[in-house]
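Peer 1: I'll drop the sequence and a predicted model, then ask my questions.
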Amino acid sequence: MKGWTKFHEQWSQQSQQFSQRLLDRHLRLGITGLSGAGKTAFITSLVQQLTGPVTEVQLPFFSPLRQQRYLGGRLQAQQAMQTPRFAFEQNLQQLQLGKWPVSTTSWSQLSLTLRYKPVSGLAAKFTDFRELQLDIVDYPGEWLLDLPMLQQDYQQWCEFSWQLFAKPHRVAIAQAFQELLATTDLDDDSELHIQSLTDRYSALLQQFRVEAKACLLQPGRLLLPGDLAGTPLLQLFPLLPSQLATPSKLLLRLQRHYQSYQQLVVTPFYQQYFASLDRQVVLVDCLSALNAGYHVLQELQQALMLILQSFHYGPTGWLQRLFSPKISKVLFAASKADQLTPEQHKNLTLLLQQLLQQPLQDSRFQYCQSEAIALAAVVTTEVGQVRTAEGIVPCLQGISARNGELQTVFPGEVPMSMPSPLLFEHHAFAFPDFLPKPLAPQQMLPQLRLDQALEFLLGDKLQ
Ligand SMILES: Nc1nc2c(ncn2[C@@H]2O[C@H](COP(=O)(O)OP(=O)(O)O)[C@@H](O)[C@H]2O)c(=O)[nH]1
Ligand SMILES: [Mg+2]
């Protein structure tokens, strides 16, 4: 009996390895990032690079291409019917017309088949080419910040939320809602009452986002409901910490809604999107955060920490089993590097590393290979020089997103480490937004370091 068990164990181990090798032909890439980090632009540009005519593609650091082994990629025509398809063609068209793609309101996926010649060995001798299936998923960044809610109960979430609302960049905005809650009847759990408070809270979240440039906004579905619009699941807002100690009808209702939100919204989102990811890109827009000031930069760091922690701990054990051994590489990328002159790119990478230093300690990412780079999915600027009283300084030229006119600017320097509050008192960062340059339909989007990103993410899988 013992021998049989042993044999059975060995056999199942071997068959597991075998199926793993088969799975090697299939890679699921997750593009993660808060809303506005640049995910949609990144996916569109990446897919164009991978599927464009091999002769046109400019990716010197992508070894399969450099070694002339990359034969090209194509979009898979047959995709599961129930899976929404990433609007690659529409997004690309927008970019080629000189506009940014519209912002994402739901999740979608795209599958590509990449064809390449094996590098050496038996496979190279006996096969003309091999194929790798690459699945890429896009989703609204707003939903990402729901993940940390799995680690809290309703009470903890309320405490956490009101701590956040007390921060200097938020406190004044939150005041009216705080006063409203303080005078509300906690024993009125009527539909009308809960809905009107929810509406006020969701308006507050929008105000936080627009006026304070806040990024840590929960629950994400109140900002972007997707297919959940109008469901009772979305009747959710944080009561004041002082209202949590004594049971009330409203408290009970909100606790129930919170639990349902965790079970019926966040956990399925987690399973659907993050289960079976092999590689991950985490895009971070450091420059907008610098523009918005010290507290927003701090909030960005806090949001990243919460997200990375959720990957590590997950809601329950099954998640750790699913994820820990699976994601083998994570690329942390500071997006929109084309908003800087080239000599600032190094600082941007260093700042990103600093921002992540705290979140990365004690996170599961230390167990897999990671790299930090500064990149631009779509380069919108040209680099030049201007002569000033101080000598020759580098500058950028691009189409201003503010007025659509050609603009020449020196965007300024990026601090290479977490700047102090004091720095923001004396200095306002103002990295400008540009529009993409219009292109002819066949032209490739200009990009920066997508080849390094691809080499890190796919190079070893296309050997
Ligand atoms: N300069 C520059 N801006 C970018 C780039 N990628 C995105 N953006 C800007 O960031 C905004 C949000 O990008 P998007 O891809 O929709 O972000 P998502 O919300 O993470 O999907 C765009 O509308 C652009 O204004 C880039 O590579 N360079
Ligand atoms: Mg998007």
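Peer 2: Received it, and whenever you're ready, just let me know what you need. Numbering: from 1, shown residues only. Ligands and ions are numbered 1, 2, ... in the order given.

Peer 1: and the strands in the protein?
Peer 2: For the chain, applying DSSP state E gives strands covering 26-33, 70-75, 108-116, 130-138, 279-284, 329-334, 369-374, 381-388, 391-400, 406-409, 434-435.

Peer 1: and the residue in the stretch 51-200 of the chain positioned nearest to ligand 1, how close does it get to Leu223?
Peer 2: Distance from ligand 1 to each residue of the stretch 51-200 of the chain (CB to the nearest ligand atom) is smallest for Trp100, at 3.3 Å. For every residue, glycine as well, the C-beta is placed using N, CA and C. The span separating Trp100 from Leu223 equals 19 Å under the rule CB to CB, to the nearest Å.

Peer 1: pLDDT weak spots in the stretch 251-400 of the chain?
Peer 2: 275, 311-326, 359-367 (pLDDT under 70).

Peer 1: what residues does it put near ligand 1?
Peer 2: Among all residues of the stretch 251-400 of the chain, those adjacent to ligand 1 (criterion: CB under 6 Å from any ligand atom) are 335-336, 338-339, 376-378, 380.

Peer 1: now which of those would you call buried?
Peer 2: For these, burial is judged from neighbour counts taken by 16 or more other CB atoms under 10 Å, and it is met by 335-336, 338-339, 376-378, 380.

Peer 1: then stretch 138-151 to PDB, C-alphas only?
Peer 2: Coordinates of each C-alpha in stretch 138-151 appear next as PDB, following Å, rounded to 0.1, in the frame of the first residue of the first chain:
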ATOM      1  CA  ASP A 138      -7.800  45.500 -18.600                       C
ATOM      2  CA  TYR A 139     -10.200  46.800 -15.800                       C
ATOM      3  CA  PRO A 140     -10.900  50.100 -14.200                       C
ATOM      4  CA  GLY A 141      -8.300  51.000 -11.600                       C
ATOM      5  CA  GLU A 142     -11.100  52.300  -9.300                       C
ATOM      6  CA  TRP A 143     -11.900  48.600  -8.500                       C
ATOM      7  CA  LEU A 144      -8.400  47.800  -7.400                       C
ATOM      8  CA  LEU A 145      -8.800  49.600  -4.200                       C
ATOM      9  CA  ASP A 146     -11.700  47.400  -3.100                       C
ATOM     10  CA  LEU A 147      -9.200  44.600  -2.500                       C
ATOM     11  CA  PRO A 148      -8.000  46.000   0.800                       C
ATOM     12  CA  MET A 149     -11.600  46.000   2.000                       C
ATOM     13  CA  LEU A 150     -11.400  42.200   2.200                       C
ATOM     14  CA  GLN A 151      -9.100  42.500   5.100                       C
END
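
Peer 1: that older thread, just so I know, which of the strands of the chain lies nearest ligand 2?
Peer 2: For the strands of the chain, the distance to ligand 2 is smallest for strand 130-138, at 6.0 Å, taking CB to the ion.

Peer 1: can that closest one be said to contact ligand 2?
Peer 2: No - no part of strand 130-138 sits close enough to ligand 2 to count as contact by CB under 5 Å from the ion; the gap is at least 6.0 Å.

Peer 1: could we number from 227 for the rest of this?
Peer 2: Taking 227 as the first residue, the last one we looked at is strand 356-364.

Peer 1: packing partners for that strand?
Peer 2: With contacts defined as 3 or more CB pairs under 8 Å, 6 or more residues apart in numbering; DSSP states H and E, strand 356-364 has these neighbours: strand 252-259, helix 265-277, strand 334-342.

Peer 1: off-centre distance for the first one?
Peer 2: Right, the one you point to is strand 252-259. For strand 252-259, the distance between its averaged C-alpha position and the chain's averaged C-alpha position is 10 Å (CA atoms, centre = their mean, to the nearest Å).

Peer 1: just to revisit the earlier point, the residue of the stretch 277-426 of the chain closest to ligand 1: what's it in contact with?
Peer 2: Under the criterion of CB atoms under 8 Å, 6 or more residues apart in numbering, the contact partners of Trp326 comprise 267, 320, 661-662.

Peer 1: could you do Leu318 as well?
Peer 2: Contacts here follow CB under 8 Å, 6+ apart; on that basis Leu318 touches 270, 274, 671.

Peer 1: most neighbours of all the residues you listed, which one?
Peer 2: Looking at the contacts of Leu318 with neighbours defined as other CB atoms under 10 Å, the largest count falls to Thr270 at 26 neighbours.

Peer 1: how close does that residue sit to ligand 1?
Peer 2: To ligand 1, Thr270 is 8 Å away according to CB to the nearest ligand atom, to the nearest Å.

Peer 1: got a markdown table for the helices and strands packed on strand 356-364, with distance to Cys594 and mean pLDDT too?
Peer 2: What follows is those, written out as a markdown table (distance: least, CB to CB, whole Å; pLDDT from 0 to 100):
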| stretch | distance to Cys594 | mean pLDDT |
| --- | --- | --- |
| strand 252-259 | 13 | 90 |
| helix 265-277 | 20 | 97 |
| strand 334-342 | 22 | 93 |
